[in-house]
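**Q** Pasting the sequence and the predicted model now:
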Protein chains: 2
Amino acid sequence: MQLLHTIKELRTWRKDKGFIGFVPTMGNLHDGHLQLVKEAKKLTDYVVVSIFVNPIQFGEGEDFDSYPRTLDQDMEKLVEAGVSVVFAPEVKELYPIPQTVFIEPSTIQNELCGITRPGHFRGAATVVNKLFNIVQPNIACFGKKDYQQLFIIKEMVANLNMPVQIIGVNTGRAKDGLALSSRNGYLTDAERLQAPTLYQTLTGLQQAIKAGSNHYQNLLADAKQKLNDSGWQVEYIELRNANTLQAAKPEDKNLVILAAARLGKTRLIDNIEITL
Amino acid sequence: MQLLHTIKELRTWRKDKGFIGFVPTMGNLHDGHLQLVKEAKKLTDYVVVSIFVNPIQFGEGEDFDSYPRTLDQDMEKLVEAGVSVVFAPEVKELYPIPQTVFIEPSTIQNELCGITRPGHFRGAATVVNKLFNIVQPNIACFGKKDYQQLFIIKEMVANLNMPVQIIGVNTGRAKDGLALSSRNGYLTDAERLQAPTLYQTLTGLQQAIKAGSNHYQNLLADAKQKLNDSGWQVEYIELRNANTLQAAKPEDKNLVILAAARLGKTRLIDNIEITL
């Protein structure tokens, strides 16, 4: 496995390589990331993993500075996983001067997580666009845990005719159901014990809807209330069309419930798909 | 020479080709376009020319519907010029659904031509981004006639790390100095006779500045007044730093004067570089 820090090194390595899989990450890797790598390895000859905490997708007051950076441990895991190249550029390498040109996603960027994180998806789409242009992968794997991000990346690739196939990979979970996330490390012991109730709430809603309950707004409002009563601060919990991320209509068959909520200072997100 | 209409055909053709040059156009080709092709041929093994009148770079009330479409004549010229592939997609091929994701250029998009053509450069940058992702050229040639567009494309490629080199090619001109443009065809005979005075004004300014005149604002204001007095409606005539397109400072050595003006209903643009 090679560790490359510059665009030039990466392009030189890329030159004579065939079918490439790519997993963009912000590092601090957990089993969820490794499942993305596994999927990419299944489909391609070479896997490139990028590790880059991208400043332009963090808002003011967010955790850019404190975001965990654990390159040595990440490298060990990626050697083990059989990755070909780790691309870990400095901020100055991707942004030698302040970025002035952006990928502007559709208005879905202003909904769900976009409400409390203005500019987040613009920053995420822009860095992914840059990384795609640098790595030139044939396929790229993204976790369904960041469902809205996955949607926005797919939309970017389709709208801009990018020559890459996007694979959505199921969310990795702890045994108690908590979605794996680097931000789980921010939780206190007590919060960690409580954290799985978010996913339990989603599975409860999934069961109710599959069983035929169609008073969607009441169901969601009850769920939100219960989470708030038990110590969560729910940002949103919404039912959407899984293919368009528009508000779910009665006739929709492919649905997804998306949620974001805080436990203490830690913001967690999760979601669950429902096929009727 | 092959004429291809679909992205799929283009990608299939592209697969086993080496070094590719690309000239994106809106068709109605003149010698200015053919000089771009000539430059691309000099530098690459295969040249792709796209012909696509791009709806998303035209504003309301602009000439999208009346823009000249002359595919048969264009094809003859391109066979002659030794082009490998003409890519002429339908609007539905590039925009199967309305575009929702855009390339957002820097704020320079709102200056110069951007003042009277809001959204124009966003639309132009977005379609060029799409075409680059489809054609995957190694180099692409753009005319210096559209100086602001060339700047915005270079800025996009640099900011998004696109794997393509942008070549700016000198403006093709009629014997009387008029910059070649498809829109020259809109001119009446009388307007065509008058049209070269725009370029004559620019060369006059260039000579004055090279001779040491540094009352830039007075020079430009006088030139504007003279053009307006002789029947032009000048939109802007500005001196800028040629490398940054920012307002020229006294210490700048690489300058460009850019102008846009109407003769009757026809809007023409031109520019001239100055090295001190």
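**A** Great, that's in hand.
**Q** okay, CA-based contacts and neighbour counts for the rest of this
**A** Noted.
**Q** distance between the longest helix anywhere in chain A and the chain's centre?
**A** In chain A, taking DSSP state H as the definition, the longest helix is helix A:120-135. With C-alpha atoms, centre = their mean, to the nearest Å as the basis, helix A:120-135 stands 13 Å off its chain's centre.
**Q** Next: stretch A:131-142.
**A** With C-alpha atoms, centre = their mean, you get 15 Å for stretch A:131-142.
**Q** what angle do the longest helix of chain A and helix B:120-135 make?
**A** Here helix A:120-135 runs at 40 degrees with respect to helix B:120-135, directions being taken by axes from the mean of the first three to the mean of the last three C-alpha atoms, to 10 degrees.
**Q** Now look at helix A:120-135 and say if it contacts chain B.
**A** Yes: legend: contact between helix A:120-135 and chain B by C-alpha under 8 Å from any C-alpha of the partner chain is shown at A:126, A:129, A:130, A:131, A:133, A:134.
**Q** partners of the helix or strand just after that helix, with directions?
**A** Where DSSP states H and E defines the elements, the next helix or strand beyond helix A:120-135 is strand A:139-143. Applying DSSP bridges, strand A:139-143 is found paired with strand A:20-25 (parallel), strand A:165-169 (parallel).
**Q** Please identify the deepest-packed of those.
**A** strand A:20-25 (a mean of 24; mean count of other C-alpha atoms under 10 Å in any protein chain shown).
**Q** How about exporting the helix or strand following that one as CSV, limited to the C-alpha atoms?
**A** As assigned by DSSP H and E, the chain's next helix or strand after strand A:20-25 is helix A:31-43. The C-alpha trace of helix A:31-43 is given here as CSV (Å, rounded to 0.1, in the frame of the first residue of the first chain):
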residue,chain,number,x,y,z
ASP,A,31,-15.9,-0.8,10.3
GLY,A,32,-18.5,1.3,8.3
HIS,A,33,-15.6,2.7,6.2
LEU,A,34,-14.1,-0.8,5.9
GLN,A,35,-17.3,-2.1,4.5
LEU,A,36,-17.1,0.6,1.8
VAL,A,37,-13.6,-0.6,1.0
LYS,A,38,-14.7,-4.2,0.9
GLU,A,39,-17.4,-3.3,-1.6
ALA,A,40,-15.0,-1.3,-3.7
LYS,A,41,-12.5,-4.2,-3.7
LYS,A,42,-15.1,-6.7,-4.9
LEU,A,43,-15.8,-4.5,-7.9
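**Q** got a list of contacts for helix A:31-43?
**A** Residues outside helix A:31-43 that contact it (C-alpha atoms under 8 Å, 6 or more residues apart in numbering or on different chains) are A:21-23, A:25, A:47, A:49, A:78, A:81, A:83, A:139-143, A:169, A:171-173, A:180-181.
**Q** Are any of these buried, and if so which?
**A** Taking 16 or more other C-alpha atoms under 10 Å in any protein chain shown as the criterion, what is buried in the contacts of helix A:31-43 is A:21-23, A:25, A:47, A:49, A:78, A:83, A:139-143, A:169, A:171-173, A:180-181.
**Q** who does the longest helix of chain A touch, helix- and strand-wise?
**A** The helices and strands touching helix A:120-135, judged by 3 or more C-alpha pairs under 8 Å, 6 or more residues apart in numbering or on different chains; DSSP states H and E, are helix A:7-14, strand A:20-25, strand A:102-104, helix A:147-159.
**Q** One more pass at 7 Å, please.
**A** helix A:7-14, strand A:102-104 (3 or more C-alpha pairs under 7 Å, 6 or more residues apart in numbering or on different chains; DSSP states H and E).
**Q** and these as JSON lines, adding distance to chain B?
**A** As requested, the helices and strands packed on helix A:120-135 are exported to JSON lines (distance: least, C-alpha to the nearest C-alpha, whole Å):
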{"stretch": "helix A:7-14", "distance to chain B": "9"}
{"stretch": "strand A:102-104", "distance to chain B": "5"}
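**Q** and those, which is most packed in?
**A** strand A:102-104 (a mean of 22).
**Q** Give me the mean pLDDT for that one.
**A** Averaged across strand A:102-104, the pLDDT comes to 98.
**Q** Direction included, what does it pair against?
**A** Strand pairing for strand A:102-104, determined by DSSP bridges: strand B:102-104 (antiparallel).
**Q** quick one: the strand it pairs with to chain centroid distance?
**A** 18 Å.
**Q** What are the contacting residues of that strand?
**A** By C-alpha atoms under 7 Å, 6 or more residues apart in numbering or on different chains, the residues outside strand B:102-104 that reach it are A:101, A:102, A:103, A:104, A:105, B:122, B:125, B:126.
**Q** In the residues you listed, find the pair that's most separated.
**A** With distances taken as C-alpha to C-alpha, the most widely separated pair in the contacts of strand B:102-104 is A:105 and B:125, at 14.6 Å.
**Q** Let me have the residues of helix A:120-135 next to chain B in a markdown table, extended by pLDDT and neighbour count.
**A** Converted to a markdown table, the residues of helix A:120-135 next to chain B look like this (pLDDT from 0 to 100; neighbours: other C-alpha atoms under 10 Å in any protein chain shown):
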| residue | pLDDT | neighbour count |
| --- | --- | --- |
| A:126 | 98 | 26 |
| A:129 | 98 | 22 |
| A:130 | 98 | 21 |
| A:131 | 98 | 21 |
| A:133 | 98 | 20 |
| A:134 | 98 | 19 |
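**Q** now those residues in JSON lines, with distance to residue A:245?
**A** Output for the residues of helix A:120-135 next to chain B, formatted as JSON lines (distance: C-alpha to C-alpha, whole Å):
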{"residue": "A:126", "distance to residue A:245": "20"}
{"residue": "A:129", "distance to residue A:245": "21"}
{"residue": "A:130", "distance to residue A:245": "25"}
{"residue": "A:131", "distance to residue A:245": "25"}
{"residue": "A:133", "distance to residue A:245": "27"}
{"residue": "A:134", "distance to residue A:245": "29"}
